[in-house]
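K.L.:
Sequence first, predicted coordinates after that:
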Amino acid sequence: MPDQIYCDRLRQDTAFLTSNGRLSEQLVDKIILQLNRVYPQILTIKEAEKFRNPKAPLHSRLSNLIAHLKKKGDKPCQEFYRALQINAEHLYNNLPSRKIISPTFFLACFSIAAGLAFFMYCCNPDSRILGKAKKVLGFSPIIIGRHVSNICMLYMEDSS
């Protein structure tokens, strides 16, 4: 069985998309029309009319549309996401499947924690520890680089 990436994402996002007030009736109609006009093999005219029936509640029409797309495979689910992105980018950006914490976030948090720990270590009033920190700062320009070395050397001169 081929990868079902978009179907899995749609399974994860179904509760978010079908909750009250997320998608308006006009927005659902736009998505259905786009799927029907651009990709008639995904959504035929008869199926589009069924999902656009104003007599049926919006929640059930949307749930049926999502279930229908999941049955058809990964390509229809991908086109649903494309239609959602075109017609409601704000909603597309807030989908639960898109809220994945990146490694950059982890590195930023780790850098802040390491910086605070180093700052607390340097600002300790115990002179023995401060002397050791000055030694570390004295060798850090070799490791860090030319721009930082000027700042570290100024700190070394001011505190001596």
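P.N.:
Done, it's in.

K.L.:
From now on I want contacts and neighbour counts done on CA atoms only, so please keep to that.
P.N.:
Will do.

K.L.:
Show me the helices in this protein, by range?
P.N.:
Per DSSP state H, the chain carries helices over the ranges 5-18, 25-38, 45-51, 58-72, 74-87, 89-93, 103-122, 127-144, 146-159.

K.L.:
What confidence value was assigned to Cys109?
P.N.:
pLDDT, Cys109: 73.

K.L.:
switch to numbering from 44
P.N.:
From this message on, residue numbering opens at 44, which makes the last subject Cys152.

K.L.:
where's the closest residue to Ile48 other than its chain neighbours relative to Phe59, distance?
P.N.:
Nearest non-adjacent residue to Ile48, counting by Cα to Cα, 6 or more residues apart in numbering: Asp117, 6.9 Å away. When distance is defined by Cα to Cα, to the nearest Å, Asp117 is 19 Å away from Phe59.

K.L.:
Between those two, point out the one with more neighbours.
P.N.:
Asp117 (20 against 17; other Cα atoms under 10 Å).

K.L.:
so how far is Leu138 from that one?
P.N.:
Asp117 is 18 Å from Leu138, by Cα to Cα.

K.L.:
Over to Gln55?
P.N.:
9 Å.

K.L.:
And Ser103, by the same measure?
P.N.:
Applying Cα to Cα, the value for Ser103 to Leu138 is 20 Å.

K.L.:
which one of these two has more residues nearby?
P.N.:
Neighbour count, other Cα under 10 Å: between Ser103 and Leu138, Leu138 has more, with 16 against 12.

K.L.:
is it true that the more buried one touches Thr57?
P.N.:
No. Leu138 is beyond contact range of Thr57, at 9.6 Å (criterion: Cα atoms under 8 Å).

K.L.:
How about Leu66, nearest residue that isn't a chain neighbour?
P.N.:
In space, Leu66 is closest to Leu60, 6.9 Å off (Cα to Cα, 6+ apart).

K.L.:
Around that neighbour, how many other residues sit close by?
P.N.:
20.

K.L.:
same check, this time on Leu105
P.N.:
21.

K.L.:
who touches it in this structure?
P.N.:
By Cα atoms under 8 Å, 6 or more residues apart in numbering, Leu105 lies in contact with Thr61, Val71, Phe94.
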